[in-house]
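*Asks:* Provide a 3D model corresponding to the input given below.
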Amino acid sequence: MAWFDFIKQYIQNLEKSTFNKILMGIIISVALLFTFSVVRYYWKINGLRKDIRQINRARDTVKEILDQKEAVIQQKKEVDEILETDPDFRIRRFIDDLLAKFNLKATVQSPEVRDIEQGAYEENTINIQFTGIKMKQLVQLLEEAEKEPRIYTKNIEVNKSKKTPKAIDVNITFATLVKKET
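*Replies:* So this is what the prediction gives:
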C-alpha cells in the first residue's frame with residue numbers, strides 16, 4: 001500500500017501541465033502497444049493463411065498424384081487382362097492379316113521392341129508405308145485396327161501422293177504391349 005500512497009501523493013503534487021504531459025505519454029504508449037498487438041496479430045494471421053494455401057496446394061497435388069496412380073493401376077489391370085486373352089499374339093501376323101483383308105500392298109518394316117520405362121512390359125512397334133492409297137482405304141484400315149484392343153496407332157503421317165493423283169502416301173506406326181520375359 002505504500003507504493004499506492006506514494007504514487008497518489010506524487011500525482012497530487014504535479015502541476016496540471018506536467019500531469020497532462022505524463023497522462024498523454026501513458027495514453028500514447030497504451031495506444032502504440034495496442035496498435036502493435038493488432039498489427040502483429042494480423043501479420044501472424046496473414047502468415048498462417050499463406051501456410052494454409054500452401055498446404056492446400058500440396059494436398060491438391062498429392063490428391064492428383066494418388067488419382068493418377070489409381071488410374072495407372074486400373075489401366076495396368078486392363079492391359080494384363082487383354083494380354084492374357086491371347087498370349088501368342090504377334091503384331092506382324094495381325095498386320096499381314098489386316099493388309100490381306102483389304103487387299104493392300106505396303107512396305108512393312110520388321111517389328112521393333114522397346115522397353116517401357118519402369119514397367120513389366122515391352123512395346124512392339126511396326127512401321128507400315130503405303131504409297132498411292134485412297135483415303136477410304138486408310139479409314140477402313142484404321143477402323144479395323146481400332147477393333148483389336150491389343151493394337152494402338154502410335155503415329156500416322158499422311159501426305160499427298162507425288163506419283164498418283166487423288167491418292168495419298170501414308171506412314172503408320174502401330175504398337176502393342178507384351179509382357180517382358182524374365
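*Asks:* tell me which helix or strand comes right after the helix or strand residue 36 falls within.
*Replies:* Using DSSP states H and E, the element containing residue 36 is helix 16-85. With elements assigned by DSSP H and E, the helix or strand that comes after helix 16-85 is helix 91-101.
*Asks:* other SSEs contacting that following helix?
*Replies:* Packing partners of helix 91-101 (3 or more C-beta pairs under 8 Å, 6 or more residues apart in numbering; DSSP states H and E): strand 107-108, strand 121-133, helix 135-147, strand 168-179. All C-beta atoms are positioned from the backbone trio N, CA, C, and that covers glycine.
*Asks:* at 7 Å what do you get?
*Replies:* Using 3 or more C-beta pairs under 7 Å, 6 or more residues apart in numbering; DSSP states H and E, the elements in contact with helix 91-101 are strand 121-133, helix 135-147, strand 168-179.
*Asks:* can I see the domain layout of the chain?
*Replies:* 2-61, 88-179 (automatic domain parsing).
*Asks:* and the end-to-end length of stretch 154-167?
*Replies:* Taking C-alpha to C-alpha, to the nearest Å as the measure, stretch 154-167 stretches 22 Å from start to finish.
*Asks:* can you report phi and psi for the closest residue to residue 92 other than its chain neighbours?
*Replies:* Spatial nearest neighbour of residue 92, excluding adjacent residues (C-beta to C-beta, 6 or more residues apart in numbering): residue 111 at 5.6 Å. Backbone torsions for residue 111, taken as degrees, to the nearest 10, come to phi -60, psi 140.
*Asks:* residues contacting residue 111?
*Replies:* 91, 92, 124, 125, 126 (C-beta atoms under 7 Å, 6 or more residues apart in numbering).
*Asks:* which other residues reach stretch 115-122?
*Replies:* Contacts for stretch 115-122 (C-beta under 7 Å, 6+ apart): 113, 114, 123, 177, 178, 179, 180.
*Asks:* which residues of the protein score low on pLDDT?
*Replies:* Counting by pLDDT under 70, the chain contains low-confidence ranges at 117-118, 182.
*Asks:* run the last query once more with 80
*Replies:* By pLDDT under 80, the low-scoring segments of the chain are 1, 3-14, 19, 87, 111-112, 114-120, 180-182.
*Asks:* give the contact list for residue 164.
*Replies:* residue 132.
*Asks:* so it belongs to a strand, correct?
*Replies:* No: Residue 164 sits outside any strand when classified using DSSP: H, G, I helix; E, B strand; the rest coil, being coil.
*Asks:* how far away is it from residue 152?
*Replies:* Here the criterion is C-beta to C-beta, to the nearest Å. By it, residue 164 lies 29 Å from residue 152.
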